[in-house]
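Asks: Quick one, what's the 3D model for this:
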Amino acid sequence: MVIILSFVNNHGILTERFFAIKSVSDTTSLNLKKDISNVLVHYDIQVKKIRGQGYGGASNMCGEWNGLQALFLRDCPYAYYVHCFAHRLQLTLVSAAKDVSVIWEFFSHLDNIVNIVTSSTKRIAELHTAQEMKLSICWKLENVILEVEPIRLSDDICKLEMNFYPEDFTDQDVVALENELVHYKLDVMQNLKVSTLVELCQQLTDSGRSKVYVMLNRLIHLVLTLHVSTVTTKRDFSAMKHVKTALRNKMKDDFLADCLTLYIERYLTKDIDVDSILDKFYVLKSRRAQLL
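Replies: You can find the predicted model right below:
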């Protein structure tokens, strides 16, 4: 079982981090909840502060009454569960392909097309060039649409705050949000060009407006923490085959978690001084072999 934390960092960027991996023999929802809670408590993370959860489509995970998400909702009614949109899309495509022969033939040929393209670096480069051209055209069209039809704000934002996140906003905060939205229409919508909520959050932080629109920025952070996809979890779990190889397939959970952290979050280890780590190992005890 892989645990991923999703949060908005200090730069206003939506971030997903590999947090822990734990082997479980009992996959019932009660046992999974116990194991996840133990990991969170160990790192002093309170369950009542969870604002979103996402799992696969198994019944022990997404069951409405006794699933893992339902058990966490009992402890924290604001830990909203969203079924992975990538999994929903996959189920839709499979169902559609079974009923329509043309779609079935399309996906049958698609495998051959992918194999042909990926077998040649020249074809891959041509594909990237074509994608960049299409993206540039879409970006221009998107900017035109945003200029013609800017995002319209309404009382729905305040209703979202009061109905879904009453634990995070007081009555005074609701009034403050209403005042912020008035200035937002005159300021942000005219000066910032954004197309997604992620871009809005980042630009509010970069421009310093997050300190002006405090309540709105908090609400955006809460909405972004909704786990709408489990792709990162599946990708990190797949990384285990690169770490737990045939030569080291007997490692325990703690050592495996440390190795996975270094592999998955390897860009965070660029500033680590390897020589200082070797020196610490030398100091611990005398060794017969020299450390590389």
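
Asks: Show me what Tyr81 is bridged to.
Replies: Gln53 (DSSP bridges).

Asks: Please determine how far it is located from Met133.
Replies: 39 Å (Cβ to Cβ, to the nearest Å). Using the backbone N, CA and C atoms, a C-beta is placed for each residue, glycine as well.

Asks: Tell me which of these two has more neighbours.
Replies: Higher neighbour count among Tyr81 and Met133: Tyr81, with 19 against 10, using other Cβ atoms under 10 Å.

Asks: Just list the residues touching that one, thanks.
Replies: 52-55, 62, 69, 72-73 (Cβ atoms under 8 Å, 6 or more residues apart in numbering).

Asks: next one: Gln46
Replies: Counting by Cβ under 8 Å, 6+ apart, Gln46 has contacts Leu40.

Asks: Give me the distance between it and Leu91.
Replies: 34 Å.

Asks: can you count the residues close to the nearest residue to Asp75 once chain neighbours are set aside?
Replies: Using Cβ to Cβ, 6 or more residues apart in numbering and skipping the chain neighbours, the partner closest in space to Asp75 is Val47 (5.3 Å). Val47 has 14 neighbouring residues, counting by other Cβ under 10 Å.

Asks: wait, Val47 sits on Ser37?
Replies: Yes - checked against Cβ atoms under 8 Å, the pair Val47 and Ser37 is within contact range at 6.1 Å.

Asks: Can you check which residues contact both of the two?
Replies: Counting by Cβ under 8 Å, 6+ apart, nothing touches both Val47 and Ser37.

Asks: Enumerate every residue touching Ile4.
Replies: Per Cβ under 8 Å, 6+ apart, neighbours of Ile4: 16-19, 232-233, 236.

Asks: now His11
Replies: Contacts for His11 (Cβ under 8 Å, 6+ apart) come out as 202, 205-206.
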